[in-house]
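Enquirer: With the input below, show me the fold.
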Amino acid sequence: MTKVDFSELLRRSRSLDDHAIEALLRHVEPRLRGYVESRLGKDLRVRLRDSDVLQNSYIEMLRCLPSFVGETEEQFVAWVQAIIENDIRRQHRWFNAKKRQAGRTSERNLLAQILLDEPTTPSVVFAKREESELLAAAMQQLPEHYRDILELVVIQGLTHEEAAVRMDRSPTASRMLLSRARAALSLEIERLEGGQKD
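Expert: Residues are numbered from 1 along each chain as shown. Next up is the predicted model:
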């Protein structure tokens, strides 16, 4: 891809053109995935997958993309790597805090939490139905290939190898597609929730 092509993709992506964003991320994703692999560290690696970090970073990147001021591929990659770095640091802080809290939690407190779990009530059932409807509405707004990968891997529980055969992709491409699809779904749910509150 030439710099002219990348600049054009970036320009269209800033306008939140779905096709341009998809092409942009597909182009830089191997570099971003490599960065995550090099920065995650062994402590976080047992708790998080590379795709989890990428998904979080894509959500933040998509929120801020219209205001990104860089022009080149190198500037864009460096910007997203900074977002990734911030997410990794946040995850470290969160898991370290959980570890400290776990050390202070007695067996009795854990048992109380289990016994006091909220029972299923009509209001809980209604809330879950609302969540399901919101999810279905958000899914319908996604491009077909995003819906397909979410359906195959998340809903049906297929492995990436199985999903890749169904979608005529490689397992690596399937993993990358799922990261982008989850990020897009999260943003769509946020958008719909915002519309409901207005």
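
Enquirer: Tell me, please, where in this protein the pLDDT is lower than the cut-off.
Expert: Residue ranges of the chain with pLDDT under 70: 1-4, 95-130, 195-198.

Enquirer: so what's the most centrally placed residue in the chain up against?
Expert: Centroid-nearest residue in the chain, with Cα atoms, centre = their mean: Q55, separated by 2.4 Å. Applying Cβ atoms under 8 Å, 6 or more residues apart in numbering to Q55 gives the contacts S179, R182, A183, S186. Any C-beta I mention is one placed from the backbone N, CA and C, and that applies to glycine too.

Enquirer: do you know how far it is from D87?
Expert: 10 Å (Cβ to Cβ, to the nearest Å).

Enquirer: what sits against M167?
Expert: Counting by Cβ under 8 Å, 6+ apart, M167 makes contact with H145, D148, I149, L152, S174, L177.

Enquirer: wait, L9
Expert: M1, A20, A23, L24, H27.

Enquirer: May I see the buried residues of the helix or strand where the third one lies?
Expert: Secondary structure assigned from DSSP states H and E places A23 in helix 18-39. Counting neighbours by 16 or more other Cβ atoms under 10 Å, one finds that the buried residues in helix 18-39 are 20-25, 27-29, 32-33, 35-36, 39.

Enquirer: Which one of those is nearest to R166?
Expert: Nearest to R166 among the buried residues of helix 18-39 is E22, at 19.2 Å by Cβ to Cβ.

Enquirer: Return the subset of the contacts of Q55 lying in helices.
Expert: Among the contacts of Q55, the members falling in helices (DSSP state H) are S179, R182, A183, S186.
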